[in-house]
Structure formats: C-alpha cells, structure tokens
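> next one to model:
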Amino acid sequence: MEGVSAKRFGEKSEETATSFLESRGFRIVERNFYARKLGEIDIVAYKEGIVHFIEVKSAKADFDPIYNITPTKLRKIVNSAYYYLKTKKLDIPFCIDVLLVRKGEIEFIENVTL
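The predicted structure follows:
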C-alpha cells in the first residue's frame, strides 16, 4: 500500500478486519463508535451472546502495531465500551479484543485485559 494516506491505510485495515470477523461468524453492529471524551471503538461486533469491542491496529513500516496497545489505550476502550452499553441500554456480556493487521497477515487476540 505504498503511497496510500495514513487515513486510507487505516480504513483499508478496518475493512480487512471486518471481512475477517464476518468470515468467522461475527455480526458487525457498528464501526467507528465515538464516545465523547473517551475515544473511539473501531468495531462493535456480536457473536454467541457476547458483544465484542474490537480495536484494529495496523502499521505500514516494520513497527509492530501491538506496541500501540497500551494500558492507557485499553482503559479508554473499556470506558468507551461501558458508555456504549449504557447509551444502547444493553446489559449483556462483553469483551475487548484486538485485531492486528501486519503486511496482509491478521492476528486476532480475544478478551484482552488490563
């Protein structure tokens, strides 16, 4: 993806992530949910009675995107997840997942905790 803008690169990675998740039985509920003052959740998906809040990370260079998943970032995702559940009036189990896109390869890490 040489010459692609960072924004477009991120969008393409999220599209790849969405296709990956759908092929594994996830139903995509929402993309890019913005929780004011908390942050954004890249993908909200549903599978087997559980809401999955999925953070997508990718990198163009040799830098591994896993290093962008910090305790601070995870806290923001958790707080955004609670905000999402509250605004949608949902009381169901949820988990935080990370989906890494590295040079066309995908690694899906489910139920990440602090």
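> where do the strands sit along this structure?
Taking DSSP state E as the criterion, the chain carries its strands at 27-35, 39-47, 50-59, 94-102, 105-109.
> what about those, which gets the closest to S80?
strand 27-35 (4.0 Å; Cβ to Cβ). Yep, even glycine has a C-beta here, placed from its N, CA and C like the rest.
> by contact count, what packs against that closest one?
helix 6-23, strand 39-47, helix 71-87 (3 or more Cβ pairs under 8 Å, 6 or more residues apart in numbering; DSSP states H and E).
> mean neighbour count, the ones you listed: which tops it?
Mean neighbour count, computed with mean count of other Cβ atoms under 10 Å, is highest for strand 39-47 among those, reaching a mean of 19.
> kindly export the worst-scoring helix or strand of the chain on mean pLDDT (C-alpha atoms) in CSV.
Ranked by mean pLDDT, DSSP states H and E, the weakest helix or strand in the chain is helix 6-23, scoring a mean of 85. Below are the C-alpha coordinates for helix 6-23, written out as CSV (Å, rounded to 0.1, in the frame of the first residue of the first chain):
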residue,chain,number,x,y,z
ALA,A,6,-2.5,7.1,6.7
LYS,A,7,-6.2,7.7,7.0
ARG,A,8,-6.9,5.5,3.9
PHE,A,9,-4.5,2.9,5.2
GLY,A,10,-6.4,2.7,8.5
GLU,A,11,-9.7,2.5,6.7
LYS,A,12,-8.4,-0.4,4.5
SER,A,13,-7.2,-2.2,7.6
GLU,A,14,-10.6,-1.9,9.2
GLU,A,15,-12.3,-3.2,6.0
THR,A,16,-9.9,-6.2,6.1
ALA,A,17,-10.7,-6.7,9.8
THR,A,18,-14.4,-6.5,9.2
SER,A,19,-14.2,-9.2,6.4
PHE,A,20,-12.1,-11.4,8.7
LEU,A,21,-14.6,-11.1,11.5
GLU,A,22,-17.6,-11.8,9.3
SER,A,23,-16.0,-14.9,7.9
